[in-house]
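Undergrad: Mind folding the following:
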Amino acid sequence: MGVNSNRVEDFSSHRINTEPVMPGMEIHTVCLSPKKTTLQKLKQRLSEIFFPDDPLYRFKNQTWRKKLLLGLQFLFPIFQWAPEYRLKLLRSDIISGLTIASLAIPQGISYAKLANLPPIVGLYSSFVPPLIYAILGSSSHLGVGPVSIASLIMGSMLSETVSPRDEPILYLKLAFTATFFAGLFQASLGLLRLGFVIDFLSKATLVGFMSGAAVIVSLQQLKGLLGISHFTSKMQFIPVMSSVFKHRDEWSWQTIVMGFSFLVFMLTTRHISMKRAKLFWVSAAAPLTSVILSTLLVFCLRSKTHKISFIGHLPKGLNPPSANMLYFSGPDLELAIKTGIVTGILSLTEGISVGRTFAALKNYQVDGNKEMMAIGLMNMAGSCSSCFVTTGSFSRSAVNYNAGAQTAVSNIVMATAVLVTLLFLMPLFYYTPNVILGAIIISAVIGLIDYQAAYCLWKVDKLDFLACLCSFFGVLFISVPLGLGIAVGVSVFKILLHVTRPNSLIMGNIKGTQIYHSLSRYKEASRVPSFLILAIESPIYFANSTYLQERILRWIREEDEWIKANDRSPLKCIILDMTAVTAIDTSGIDLLCELRKMMEKRSLKLVLANPVGSVMEKLHQSKMLDSFGLNGIYLAVGEAVADISALWKSQPDFPEDCNETRQCKETKR
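TA: Numbering: from 1, shown residues only. This next block holds a predicted model:
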């Protein structure tokens, strides 16, 4: 017997009308959401979008002094850990700081060359930004400094328009200006809590992009490893390889022997450290060891190694101010802004992902918005102190973590070691061969070629693997910036594909239970006679409403064909399981209205099961609930099947029209 009351009720009534339909089965009322004003709904929605972590919860019910202290800790995370810092932590931070300094010094020089900047700028970038991050950053293990991908992109984008050889001053100005805009963009994302912007770079596209960029970076270093003086400035696979073989007459066997010998040495130490975590210091010390040994070798044999080019003079002293070099007007301002945004997105993505990776290992949380502001502000300050784009480096952070870093003091120790180098040790790098810088870059970026992740993508999700390949080959054969654009485009396309072509499936009952699941997934699930139960696993929007209408009609047609082929009971009722429909717009409501009318013409009943609160509210406001009638909306698929089946048994000529259904119910009352 059916329920003699309307199942759609206002939530404020707090009533649940139930009436047994069969033994052990109750039919529950589907309630509307609590009533809220438009302003309350807007406030809640914006809060969920921009403040999912509720950053102000610590300030509730606190005195003004406590609020002041919490405010300082919120803006400057150093105030959280500094009061509790103990001398026993200092030993670990000093060891880890000196260890990453041994890696940061040669990497800083190498990455500056990769960005077509003076080598000294790389060391400047390893001094000021780490100090600022130690004050503003929320990660205890992030090792800050220049990174390969951002350096490559800055160098490739700027050099396409401005030659670093012919116009070195203008190129330097644009590099500092791009760094400023990168920091401004990053800090703005953090301040406005728009971190979800960087989520458009999915893991699959990042794997492909990073791998492609790593290959291009490595191939570009063949110039140094082979001793070629004339080399293409392009960043595509074919021009680079063409340039390598076109200038075979410039190859230097002395450079080749030295370069590949030290490259094998660094790759071997890297392999040792990966096999045994306790020997992390082996790979960490390898770049500096290579610099020292190669410099001594060139110095002692300089009369016989004249074909091996070396760095030359590097100025001593602290970072000179560069605020007066920022380029805010002129024809190349657009290039600086574009370069800054692209490098800012990539460096921010790398920095936050690295910070969260090591935070998870130590079971603490990294605030993404604070990280954006910290990385952004340190780049803005860096642009005024002769630094280029910096962020959290994976290699340095891994060394920092394995060396036992406890707090951000390790970054301060690293910056102090770089300061000592800037003040006193710069003349020692005069005879450092350029080929060693190339070998250091290759040994650092080769770890970015993550073939295991690509293989996992192939096994798990072919669409993700396709996205990975698109970004990889886009970087390799088109260009690094366009490769990034392809990566973003593929990510957006994947989102649109999921939105416009949502999954739908036909469900059956697992015998002996009230559980309904996919027929194709569960062999023990079976069709319910006279019912077609469909589940929609997506919000219903204007972008997918037409597709869903066509797909549902196809399900019905296929079900009719199956019934005829198997001589089963004719189809009488369509149940849409709305459990996964988290939202609906006016186009979705129109879809349901059209479906209901189509079903009425075919003498079929359309029933909705378990619509969520926001969907119920919109159906109620659009007056759609009235058209579905008393037996049109249920809390669960099982209840819908049980109640409608009971009505059919009690009333053999049970009318399908909703208005007739209502009249029948009123008469029964």
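Undergrad: ranges for the strands of this protein?
TA: Assigned by DSSP state E, the strands in the chain fall at 8-9, 20-22, 25-26, 30-31, 143-145, 391-393, 504-510, 516-518, 525-526, 531-536, 573-577, 605-609, 633-634.
Undergrad: Same list (those) but as JSON lines, adding mean pLDDT.
TA: As requested, those are exported to JSON lines (pLDDT from 0 to 100):
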{"stretch": "strand 8-9", "mean pLDDT": "54"}
{"stretch": "strand 20-22", "mean pLDDT": "46"}
{"stretch": "strand 25-26", "mean pLDDT": "67"}
{"stretch": "strand 30-31", "mean pLDDT": "72"}
{"stretch": "strand 143-145", "mean pLDDT": "92"}
{"stretch": "strand 391-393", "mean pLDDT": "91"}
{"stretch": "strand 504-510", "mean pLDDT": "92"}
{"stretch": "strand 516-518", "mean pLDDT": "91"}
{"stretch": "strand 525-526", "mean pLDDT": "90"}
{"stretch": "strand 531-536", "mean pLDDT": "94"}
{"stretch": "strand 573-577", "mean pLDDT": "94"}
{"stretch": "strand 605-609", "mean pLDDT": "92"}
{"stretch": "strand 633-634", "mean pLDDT": "90"}
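Undergrad: Pick the most deeply packed of those.
TA: Compared across the strands of the chain, strand 143-145 shows the largest average neighbour count, a mean of 32 (mean count of other Cβ atoms under 10 Å). In this view, the C-beta of every residue, glycine as well, is placed from N, C-alpha and C.
Undergrad: can you list contacts of that strand?
TA: 100, 104, 107-108, 125-126, 129-130, 133, 137, 378, 390-393, 395-397, 399-400, 410-411, 414 (Cβ atoms under 8 Å, 6 or more residues apart in numbering).
Undergrad: In helices, which of those fall?
TA: Members of the contacts of strand 143-145 lying in helices (criterion: DSSP state H): 100, 104, 107-108, 129-130, 133, 378, 395-397, 399-400, 410-411, 414.
Undergrad: Now for those residues: which two are most distant?
TA: Pairwise distances across these (Cβ to Cβ) peak at 19.8 Å, for the pair 378 and 399.
Undergrad: Count the residues that sit near residue 348.
TA: Neighbours of residue 348 under the rule other Cβ atoms under 10 Å: 30.
Undergrad: I'd like the distance between it and residue 420.
TA: Using Cβ to Cβ, to the nearest Å, we find residue 348 at a distance of 30 Å from residue 420.
Undergrad: quick one, domains of the protein?
TA: As recorded under automatic domain parsing, the domains making up the chain are 92-312+320-495, 501-668.
Undergrad: any idea which of the ones you listed is most buried?
TA: The most buried one of the domains of the chain (mean count of other Cβ under 10 Å) is domain 92-312+320-495, showing a mean of 21.
Undergrad: now, among the ones in helices among the contacts of strand 143-145, which is nearest to residue 599?
TA: residue 397 (58.7 Å).
Undergrad: check contacts around residue 101.
TA: 413-414, 417-418.
Undergrad: Out of those, which comes closest to residue 259?
TA: Nearest member of these to residue 259, counting by Cβ to Cβ, is residue 418, at 25.5 Å.
Undergrad: Distance check, that closest one against residue 389.
TA: To residue 389, residue 418 is 17 Å away according to Cβ to Cβ.
Undergrad: try residue 88
TA: As for residue 88, its distance to residue 389 is 36 Å (criterion: Cβ to Cβ).
Undergrad: which residues of the stretch 251-400 of the chain fall in helices?
TA: For the stretch 251-400 of the chain, the helices defined by DSSP state H, counting those that start in this stretch occupy 253-275, 280-300, 333-361, 368-383, 394-402.
Undergrad: In a markdown table: those helices, plus distance to residue 187 and mean pLDDT.
TA: Listed next are these as a markdown table, based on distance: least, Cβ to Cβ, whole Å; pLDDT from 0 to 100:
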| stretch | distance to residue 187 | mean pLDDT |
| --- | --- | --- |
| helix 253-275 | 34 | 90 |
| helix 280-300 | 31 | 89 |
| helix 333-361 | 10 | 89 |
| helix 368-383 | 3 | 92 |
| helix 394-402 | 21 | 86 |
